[in-house]
Each structure stands twice: as structure tokens, then as C-alpha cells.
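Peer 1: Show me how the following folds:
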Amino acid sequence: MLDIYRTDDAVIHEADAYEPGCWIKLTAPTTDECEQVAGDFGMDIADVRAALDEEESSRISVEDDYTLILVDIPTAEERNDRHTYTTIPLGILLRDDVIITVCSEETSVLRSFIDHRVREFSTKKQMRFTYQILYNTSMVYQSLLRTIDRQRTEIEEKVSGDMEDADLIDLHELESNLVYFATSLRANNLVIDRMTRYSKIKQYDDDEEILEDVIVETKQAIEMTSIYRDIINGTRELMSTVINNRLNNAMKYLAAITIVLSVPTIIGGLWGMNVDARWMPFSHTPYGFGILCVITLVSSIITLIVLHKRQML
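Peer 2: Take a look at the predicted model:
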């Protein structure tokens, strides 16, 4: 899909054709749309389609007539029948007169500009617009990181109650999300650092403040990712410890039950031996069977008391 936007008097509206100072938004574009944009603006088709490759890494490429900036942005997906998060490339192509964004799907990072949720936004100021996109990207990362931490908290609250296998899988998915985020944020941070050092990229004094905000928020997102990964590691270790402890308690309880049941089994086995009745106690005693049952019961009770004192029951 190819959409063209332009801001006039701080109000964004759709345009019918290319104009100086417009924003060309390519969302899951077809090959024909990519070739059209590449031909109209003298760009390499590979650079226009670079963001459509999910394996493409974040980078910055400065050509004679345009600049390509590739960053990773967060997005939601279904993985293992669960709602999770991953990252996809977003391409930003800068020329003196237009800015072009390329992404394989609709994203909230760009949608906020169309929905008038970004102040002081202008399609005519390409570098400011680029910094605002990067700033939005960092803020979306932070928002999703807080969501991931809330989900981890919900799983942790189940540790003391009935914990299921699904909770372990959910925790693993959260940890996978953080791995994707950490890798993408580090790559984005390198791109931002290179943007500040490339002399071919025009830097404006009015944009320094928003650039500093981008750097601060990106580093904060990286730090949040690291902290939340450490916390999830601690939660996983806690869950493993609780599971092992419950298993040990179950094994201890079963061992105690086995010991208690072995008492009547041993006594019954001894008195059930095929030997001369003259040598078997209580064989000629009135109520001998009842006496033997009482002895068995008392022995079992004594065994239970001993095991209880040793905290095995």
C-alpha cells in the first residue's frame, strides 16, 4: 500500500501525488510500488525493499542523493498459540524534498503521526520527522516492556498457588521477547550514534533537543530490557526451586507412607511363615489373632509418631 501525506499549518492530510515536503508511506508494498518509488526518486530498488526482509539488520547507508536508515521496531505476533512480541525492520529513506518510510506491516510507531498524537510534526522537516520516528520507537519499546513486566508479575503470583506447565511456557515466551528487544535496541542505538557522526547527514540546531531525547529514551529502553531479563531469570529460578521443593516433599511423603505400610507387611510376613505352630507366638493363645492385630496397629502408630516428629509427614 502506498500512501502520501503532507502537513500544512501543522495539520496532516493525504495527497494525491508526490509534492515537495511530502511523506510517502509504504506499508507491505508490492513489487510494482517499490519499483515506482525507486524509479521516480532515483533510488536503488534493493534499498527501497530492504525493510521488507525480516532478517535485515539495523544500519545506515549514505548515498549521493539519499540516505537509508534501517531500524528495528516492535510489533505483536502469535507464537506457539500465544500473543507475543517481536521486532521488524523499518526503513526510512531521506531526500532533500521527501521522506519515505517502508515497513512490512502497519505499525503504531507511524500510526501516531497520522492520528495527530505527535506535537510539532511536519513532513517538510525530514530530520526532525526522523528523530520523532526514532523517539516513538523507543517509547513503544518501553510501553511493551512494562506490559511484559506486568505479565511476569502475574505469573510470579501463581508460584505460591497452583502453578501449571503453561506458566513456564509463558515465562519462556516473555524471556524470548526480551532477547529480541535487547538485540534490536542495541542495533538501533548504534544507528543513532552513527547518525550524529555522519557529516553527510544534515544536522540542525533546532533538532538537537529531540535528538538528545531519542538517545536518552533508547538507552533507558536498553537498561529496562536488561533489568527485566535479570528479573525474569530470578523468577524462573524461583519457579524451578519451588517445583523441586514440591517434588522433594512429595517423595518424602511417599517414603513415609511406604515405611508405615511396611510395618504390618513385615509382621504379617513373619506370622505367615510355614513353620511348626508350637514355635509361633500366640498360635495357641485365645484371641491370638486380635492380639497380633493390636500389636500391628500400635507399631504402626508408633512409626507414624516418629515420622511426624521427624517432619516426614
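Peer 1: so where's this protein uncertain?
Peer 2: 80, 198-205, 313 (pLDDT under 70).
Peer 1: if we go to 80?
Peer 2: 9-10, 78-82, 116, 119-120, 158-167, 196-207, 271-280, 282-285, 288-289, 310-313 (pLDDT under 80).
Peer 1: For the most centrally placed residue in it, give me its contacts.
Peer 2: What sits nearest the mean C-alpha location of the chain, by C-alpha atoms, centre = their mean, is Asn177, with 2.4 Å. Neighbouring residues of Asn177 by C-beta atoms under 8 Å, 6 or more residues apart in numbering: Thr84, Tyr85, Thr86, Leu144, Ile148. Using the backbone N, CA and C atoms, a C-beta is placed for each residue, glycine as well.
Peer 1: ok, 10 Å please
Peer 2: 74, 77, 79, 84-87, 144-145, 147-148, 151, 225, 228-229, 232 (C-beta atoms under 10 Å, 6 or more residues apart in numbering).
Peer 1: Need phi/psi at Thr147.
Peer 2: phi -60, psi -40 (degrees, to the nearest 10).
Peer 1: what's the burial count for it?
Peer 2: 13 (other C-beta atoms under 10 Å).
Peer 1: quick one: it and Thr107, what's the gap?
Peer 2: Using C-beta to C-beta, to the nearest Å, Thr147 is found at 16 Å from Thr107.
Peer 1: What of Met195?
Peer 2: Distance from Met195 to Thr107, by C-beta to C-beta: 20 Å.
Peer 1: repeat for Gln311
Peer 2: Distance from Gln311 to Thr107, by C-beta to C-beta: 57 Å.
Peer 1: between these two, who's got more neighbours?
Peer 2: Per other C-beta under 10 Å, whichever of Gln311 and Thr107 has more neighbours is Thr107, with 20 against 8.
Peer 1: which ones are touching the more buried one?
Peer 2: Contacts of Thr107 (C-beta under 10 Å, 6+ apart): Thr27, Ile73, Pro74, Thr75, Ala76, Ile88, Leu90, Thr101, Asn136, Thr137, Val140.
Peer 1: What of Thr30?
Peer 2: Counted by C-beta under 10 Å, 6+ apart, Thr30 has contacts Met1, Leu2, Gln36.
Peer 1: Please verify my assumption that the first one contacts Val102.
Peer 2: No. Under the criterion of C-beta atoms under 10 Å, Met1 makes no contact with Val102, lying 11.1 Å away.
Peer 1: give me phi/psi at the nearest residue to Asp96 once chain neighbours are set aside?
Peer 2: Leaving aside its sequence neighbours, Asp96 sits nearest to Gln126 (C-beta to C-beta, 6 or more residues apart in numbering; 7.9 Å). Reported as degrees, to the nearest 10, the phi and psi values for Gln126 are phi -60, psi -40.
Peer 1: Use 38 as the first number from now on
Peer 2: All set: I'll call the first residue 38, so the last point we hit is now Gln163.
Peer 1: Against Asp53, how distant is Gln163?
Peer 2: Gln163 sits 21 Å away from Asp53, going by C-beta to C-beta.
Peer 1: So for these two, which residue has more residues nearby?
Peer 2: Taking other C-beta under 10 Å, Gln163 and Asp53 do not tie; Gln163 has more neighbours (22 against 6).
Peer 1: ok, that one to Leu329 distance?
Peer 2: 98 Å.
Peer 1: Could you do Phe218 as well?
Peer 2: Taken as C-beta to C-beta, the span from Phe218 to Leu329 is 71 Å.
Peer 1: More neighbours: the two, which one.
Peer 2: Phe218 (25 against 19).
Peer 1: After the helix or strand in which the more buried one is found, which helix or strand is next?
Peer 2: Phe218 belongs to helix 202-234 when assigned by DSSP states H and E. Toward the C-terminus, helix 202-234 is succeeded by helix 245-308 as the next helix or strand (DSSP H and E).
Peer 1: How is the residue nearest to Ala293 when sequence neighbours are not counted assigned, secondary-structure-wise?
Peer 2: Excluding the flanking residues, the one nearest Ala293 by C-beta to C-beta, 6+ apart is Met349, at 4.2 Å. In three-state terms, and counting by DSSP: H, G, I helix; E, B strand; the rest coil, Met349 is coil.
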